[in-house]
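1. following is a predicted model, sequence given first.
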Amino acid sequence: MHHPPENQKEKEYYSRIRKVLAYIQENLMEDLSLEKLSAIAFFSPFHFQRIFSLYVGESPKQYIMRLRLERIAHYLKLYPEMSINDASFQSGFSAPSTFIRAFKKYYGITPEGFRKLSYDEISKIGTLNPHKGKLFEIQPSEFWSMNLTTEGDNGSTSGMNIEVKSIRSLKVAFMDSHLGAEDAIVNTFKALTRWAEPRALITQDTQYIGIMLDMPFFTEYGKCRFRACISLPDGVSLPKEIGSLVIPEGRYATYSFTGTIQGVFRSLIAFKHEWIDQSGYEIAEIIGFELYSENPALKPYESIQQQIFVPVKPA
């Protein structure tokens, strides 16, 4: 969110908007009318729209449209066999013609053309610039700030030792931020640790987990959402400002990695094109997670060993 809470009233508003954001994330293909979302937040529609825009930096309509289009972009690249109509339906569009027009306005290219682009080409597409009073309007190309093709991590699966494992479900507490915020990962884990430590929720058994809700191939880097998580014992009640979720049990392809966040994304490109396409598996969901060997609040992200988990299923 773009406007962190400072007093009790703002904290209350923040918790209500966070609840709405979580609901949108879990129900993106459903009807998300202003009336329904404002009722979840316990605001009038007029007041909700104003508060949402203040905290999120986009109107509810802009935000939902952007997430739906970016989810479709995921589907187009990860699931080449999925039809464009199915991708649009699973992202909340009821009419393919509406989706195709919106997609071309947002990305500047048709869905079929987008599907054929390399990740390097996608990462250089001009992105969304909302204008007051308009849903969105494409501006001249603005290159995304994350370079995914530079030297350093070579983006190869060689030496990654990828395995497929079955994991049990895990309940976590989380706080959200955006990667565009300064030191977003470390500061979000610091805030989560400040809440958890006095409640004896940080122990030697605590697991530290990061979830990237968006990828910079499809989303402007500054708007990519990051979810900092810690494992949660049973029976813990959470305040409004702390979210909880269950990482589902299932089969995950996993490999270890140490390096920059750019390196993580490059490794995921290599994972998709050098391993998953030849493995007999396909990616089951568009969101996986990272398991950190140490608390990212205490050590730089790039120096922490990460275990990457990508949900998979038989192809």
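-> Received it, and whenever you're ready, just let me know what you need. Numbers count the residues shown, from 1 in each chain.

2. where do the strands sit along the stretch 201-315 of the chain?
-> 208-212, 225-231, 243-247, 250-257, 281-283, 289-292, 306-314 (DSSP state E, counting those that start in this stretch).

3. how about JSON lines for these, with mean pLDDT added?
-> Formatted as JSON lines, those follow (pLDDT from 0 to 100):
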{"stretch": "strand 208-212", "mean pLDDT": "97"}
{"stretch": "strand 225-231", "mean pLDDT": "96"}
{"stretch": "strand 243-247", "mean pLDDT": "93"}
{"stretch": "strand 250-257", "mean pLDDT": "96"}
{"stretch": "strand 281-283", "mean pLDDT": "92"}
{"stretch": "strand 289-292", "mean pLDDT": "98"}
{"stretch": "strand 306-314", "mean pLDDT": "96"}
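
4. make CSV out of these and add distance to residue 103 and mean neighbour count.
-> Placement of C-beta: from N, CA and C, glycine included. As requested, the strands of the stretch 201-315 of the chain are arranged in CSV below (distance: least, C-beta to C-beta, whole Å; neighbours: other C-beta atoms under 10 Å):
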stretch, distance to residue 103, mean neighbour count
strand 208-212, 22, 22
strand 225-231, 21, 22
strand 243-247, 29, 16
strand 250-257, 29, 18
strand 281-283, 21, 18
strand 289-292, 28, 20
strand 306-314, 25, 18
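
5. would you list these in a markdown table and tack on distance to residue 160?
-> Shown next, in a markdown table, are these (distance: least, C-beta to C-beta, whole Å):
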| stretch | distance to residue 160 |
| --- | --- |
| strand 208-212 | 18 |
| strand 225-231 | 23 |
| strand 243-247 | 22 |
| strand 250-257 | 4 |
| strand 281-283 | 15 |
| strand 289-292 | 14 |
| strand 306-314 | 9 |
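
6. quick one: secondary structure of residue 51?
-> helix (DSSP: H, G, I helix; E, B strand; the rest coil).

7. correct me, but it touches residue 17?
-> Yes - taking contacts as C-beta atoms under 8 Å, residue 51 lies within contact range of residue 17: 6.5 Å.

8. so which of the strands of the stretch 201-315 of the chain gets nearest residue 180?
-> With C-beta to C-beta, the closest approach to residue 180 among the strands of the stretch 201-315 of the chain belongs to strand 225-231: 9.8 Å.

9. what helices or strands is that closest one leaning on?
-> Contact here means 3 or more C-beta pairs under 8 Å, 6 or more residues apart in numbering; DSSP states H and E; on that basis strand 225-231 packs against strand 170-178, helix 184-196, strand 208-212.
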